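1. Mind folding the following:
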Amino acid sequence: MTTTARPALDVPRLRAEFPILATSVRGRPLVYLDNAATSQKPKAVIDALRRYYMTQNANVHRGVYALSEMATAAYEAVREKARVFLNARTEQEIVFVRGTTEAVNLVAASWGRTNLRSGDEVLVSAMEHHSNIVPWQLVCEATGARIRVIPMNQQGELELDQYERLLEGPVKLVAVAHISNSLGTLNPVADMTRLAHEHGAVVLVDGAQGAPHIPIDVQGLDADFYTVSGHKMYGPTGFGLLYGRERLLDAMPPYQGGGDMIKAVTFARTTYADPPARFEAGTPHIAGGIGFGTAIDWLAGLDRDAAAAHEQDLVDYATGRLREISGVRVIGTAAHKAAVVSFVMDGVHAHDVGTIVDQDGVAIRTGHHCAQPVMDFFGVPATARASFGCYNTREEVDVLVAALQKVRKVFA
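-> Have a look, this model is predicted:
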C-alpha cells in the first residue's frame, strides 16, 4: 500500500493575502511574531468589514426593513459557521461574546454564582492567563468557594498525578488553557476533562490560543465550556465565542440585562429569552461577527493539519536557533507545544530586548503576558515571546536571531 505525502503549506501564497505583511517598520520589512496577542487579518476579512459598512449597515434582530433583514441574516449565519467550526451539537450552544475574557467572566458570574457555595473548590492551572484566574477569584470571594492550583513542572507541563489528587476534593469546576499563551504548552484537555467528569466537576477550556492553531472538537474534548477570541484567529477584535453545553446554559441566569435578551418586560417582572439570546444583551458587534464568520471561512479553506505542522516546524526551528545565542534561555520546554517560544537573555531585561529588535522591524511581545504566576514560578520578571501564525517563515526567525545577536553585543 502506498501513501501520498500531503503537500506543504504554500506560505508565499498565504502571505500575499495579508496586506500588512508587505509593509515596512523603521525602514525594515515587518517581521510580525506577536500572533499570540493578535493575528494579522487576511484581505477577505478586511473586505468583509468594508462591505458590511458600505452595503449592509443596520441594527440586527429588530428591523423589518430590507437592510436590517440583510444584516441579521449575515450576522446569524455566523452562528452555524461557529457551530461547525467547534463541532457543537446545536446553534443554541454558541453564545456570541467580545472574546475569551468576556466568555470566562460570563461563566464565572452566571454559572459560578449559581452553583458555587462555601467549601467548594475551583481548580485552575498554574499556567493560566489572568482572564482565567481573576474571574474565579471574584466569584470565589462572593460565594465562599476557594481556588486551588494545578501545579506544573520546570518544563511547563501540568502535573497530572497532582491534578487527580486535587480532584478528590470538593471540586465543582476545572478551568484550564488548551494552549498556554506564555509557554506554548499544549495541555491534554481531553484526558483532564474525562477525569474531572468522573469526579462530577464541570470543565471550562480557555481556547484563545487553541482555536487559531489546531482543529477544535468540543464534543470530542467533552468540554462543558470552551472559549474563543476571534482576533487571535485572523478575525476582527472585539468578537468571540462561548460554547456551552446546552443543559448548562439553560440553567444559567442572565449575565447582563438589556435589549434582545428578554421575552417580556413589565415593571413587576421580566422573563428571559432562551440561550443563546439570554446572554447577548444589547446591540452586538455586528461587523465583527460578520468579519469573524469570514475568518472561519478562510480557515476552512486552509489545510489545518499542514498549517499546524508548519507552525510546529517554526517552534522547533526557533527553539534551536535561540539556543545558539549566548545567554539565552528558553522558558517552557514541554514535550507538546504549539506556536509560542518564550525566552530570557542573561543581563538584559525583556523590554530592552523588544525595543532593540524592533529597530530591525521585528515585533515580539515582552512582559509577563498576563500570566504573572508563571513568571513567579520560573523566577523571572518577564520574558520575550515569539509567537507564530501560518504566514510566518524560517527566514523571519533568522531575522529575529540576527537582531538578538545585536542585543547581545549592545549588552556585552
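2. Please report how far the closest residue to Asp360 other than its chain neighbours lies from Ala36.
-> Using CB to CB, 6 or more residues apart in numbering and skipping residues adjacent in sequence, the residue nearest Asp360 is Ala403, 4.2 Å away. For glycine as for every other residue, the C-beta is placed from the backbone atoms N, C-alpha and C. Separation of Ala403 from Ala36 (CB to CB, to the nearest Å): 19 Å.
3. same thing with Val84?
-> Val84 is 25 Å from Ala36, by CB to CB.
4. So between Ala403 and Ala36, which is more surrounded?
-> Ala36 (26 against 20; other CB atoms under 10 Å).
5. What residues does the residue nearest to His178 when sequence neighbours are not counted make contact with?
-> Spatial nearest neighbour of His178, excluding adjacent residues (CB to CB, 6+ apart): Gly210 at 3.1 Å. Contacts for Gly210 (CB atoms under 8 Å, 6 or more residues apart in numbering) come out as Ala177, His178, Ile179, Ile216.
6. Val64 belongs to a helix?
-> No. Looking at Val64 with DSSP: H, G, I helix; E, B strand; the rest coil, it is coil, so not inside a helix.
7. Can you get me a residue count around it?
-> When neighbours are counted by other CB under 10 Å, Val64 comes out with 6.
8. so what does whichever strand or helix holds Val104 touch, helix or strand wise?
-> Using DSSP states H and E, Val104 sits in helix 100-107. The contact analysis (3 or more CB pairs under 8 Å, 6 or more residues apart in numbering; DSSP states H and E) places helix 100-107 against strand 94-97, helix 134-143, strand 202-206, strand 225-229, strand 240-244.
9. cutoff 7 Å now
-> strand 202-206, strand 225-229, strand 240-244 (3 or more CB pairs under 7 Å, 6 or more residues apart in numbering; DSSP states H and E).
10. Return the distance of the following helix or strand past that helix from the chain's centre.
-> Moving toward the C-terminus from helix 100-107, the next helix or strand (DSSP H and E) is helix 113-115. Remark: helix 113-115 is offset 25 Å from the chain centroid, using CA atoms, centre = their mean, to the nearest Å.
11. What are the buried residues along helix 113-115?
-> Neighbour-count burial for helix 113-115, with 16 or more other CB atoms under 10 Å as criterion, is recorded at Asn115.
12. Mind listing residues that contact that helix?
-> Val139, Ala142, Thr143, Lys172, Met252, Pro253 (CB atoms under 7 Å, 6 or more residues apart in numbering).
13. Check the separation of the first and last residues in stretch 221-239.
-> 23 Å (CA to CA, to the nearest Å).
14. and the gap between the spatially most central residue of the chain and Ile214?
-> For the chain, the residue nearest the mean C-alpha position is Ala208 (0.9 Å; CA atoms, centre = their mean). Remark: distance between Ala208 and Ile214 (CB to CB) = 13 Å.
15. cool, and Gly257?
-> The gap separating Gly257 from Ile214 is 36 Å, by CB to CB.
16. Between these two, which has more neighbouring residues?
-> Neighbours per residue (other CB under 10 Å) separate Gly257 from Ile214, with Ile214 holding more: 19 against 12.
17. which residues touch that one?
-> Residues near Ile214 by CB under 7 Å, 6+ apart: Ala308, Ala338.
18. measure it to Met261 for me?
-> 32 Å.
19. where's Gly259, which helix or strand?
-> For Gly259, there is no enclosing helix or strand under DSSP H and E.
20. Ignoring the adjacent residues along the chain, who's closest to it?
-> Gly282 (5.9 Å).
21. Kindly report the same for Glu69.
-> Gly63 (6.9 Å).
22. give me the number of residues near that neighbour?
-> Gly63, neighbours per other CB under 10 Å, totals 14.
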